[in-house]
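sharing a sequence plus its predicted fold:
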Amino acid sequence: MTYADYVTGGRSFLLEKMAERLSPKRLAHCLRVEEASIDLAKRYGLDETKAGLAGLLHDYAKELADQDFLTLIDQHQLDPALKAWNNNVWHGLLGPYVIQAELGLTDADILQAIAYHTVGSSQMTDLDKVVYVADYIECGRDFPGVDQAREIAKISLNQAVAYETAATVAYLAQKGMPIYPQTLDTYNAYIHYL
């Protein structure tokens, strides 16, 4: 299987669309997450094509205007409480709607992995975990704890999800920022793996 099995035009088409939509810095990050997702998929015996495609597209909607996200919430009749959040939550949860509309991608597994890549879920598939972890550990990331996260990702996807989620929750709490409820659900579901 190749990307062309999921999106007409395949990877070259996607890169063109992404270059139109994303800043060079964001596109470079997406390419690194694609690579990290493929590496993790190989390590854990998962579908490398789906992992790579989800990793490549995970931030496709990251640079949309806030108003566009608010419109999507109304258009798709999603929970109005979602409007109280921001791009950090929206670009993941709403990204699949943009990707389906603009790229014609309909694979439910890939779309779900994109949806969960920021907030996680208590019910993540291994593909979801791969993209969630790859986004955190891609080779361009440089922050306290990232090297430990990379080492944990070589041992266990569940431990990697637990480590990343615990670090994210601690960071947000330390900054006095609200934590999306689904992220807390992820924390509670995975923390026992640490």
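Right, received. Where do you want to start?

what about stretch 142-155, start to end distance?
Start and end residues of stretch 142-155 are separated by 20 Å (CA to CA, to the nearest Å).

tell me how far that stretch lies from the chain's centre.
17 Å (CA atoms, centre = their mean, to the nearest Å).

what sits up against it?
40, 43, 133, 136, 137, 159, 160, 163, 164, 167 (CB atoms under 8 Å, 6 or more residues apart in numbering). Every residue, glycine included, has its C-beta placed from N, CA and C.

what average pLDDT does it get?
For stretch 142-155, mean pLDDT rounds to 97.

show me what counts as buried in it.
Of the residues in stretch 142-155, 145, 146, 149, 150, 152, 153 count as buried by neighbour count, 16 or more other CB atoms under 10 Å.

quick check: what element follows the helix ranked longest in the chain along the chain?
Selection of the longest helix in the chain by residue count, based on DSSP state H, yields helix 24-44. The helix or strand immediately downstream of helix 24-44 is helix 48-57, counting by DSSP states H and E.

pull the CA atoms of that following helix into PDB?
The C-alpha atoms that make up helix 48-57 are tabulated as PDB, following Å, rounded to 0.1, in the frame of the first residue of the first chain:
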ATOM      1  CA  GLU A  48       3.700   1.800   8.100                       C
ATOM      2  CA  THR A  49       1.700   3.500   5.300                       C
ATOM      3  CA  LYS A  50      -1.200   4.400   7.600                       C
ATOM      4  CA  ALA A  51       1.200   5.600  10.300                       C
ATOM      5  CA  GLY A  52       3.200   7.700   7.900                       C
ATOM      6  CA  LEU A  53       0.200   9.300   6.300                       C
ATOM      7  CA  ALA A  54      -1.400  10.100   9.700                       C
ATOM      8  CA  GLY A  55       2.000  11.500  10.900                       C
ATOM      9  CA  LEU A  56       2.400  13.600   7.800                       C
ATOM     10  CA  LEU A  57      -1.100  15.000   8.000                       C
END
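
next helix or strand past it?
helix 66-75.

okay, buried residues for that following helix please.
Residues of helix 66-75 classed as buried by neighbour count (16+ other CB under 10 Å): 69, 72, 73.

how close does the closest residue to the first one other than its chain neighbours sit to residue 72?
So the one you mean is residue 69. Leaving aside its sequence neighbours, residue 69 sits nearest to residue 90 (CB to CB, 6 or more residues apart in numbering; 4.2 Å). Here the criterion is CB to CB, to the nearest Å. By it, residue 90 lies 8 Å from residue 72.
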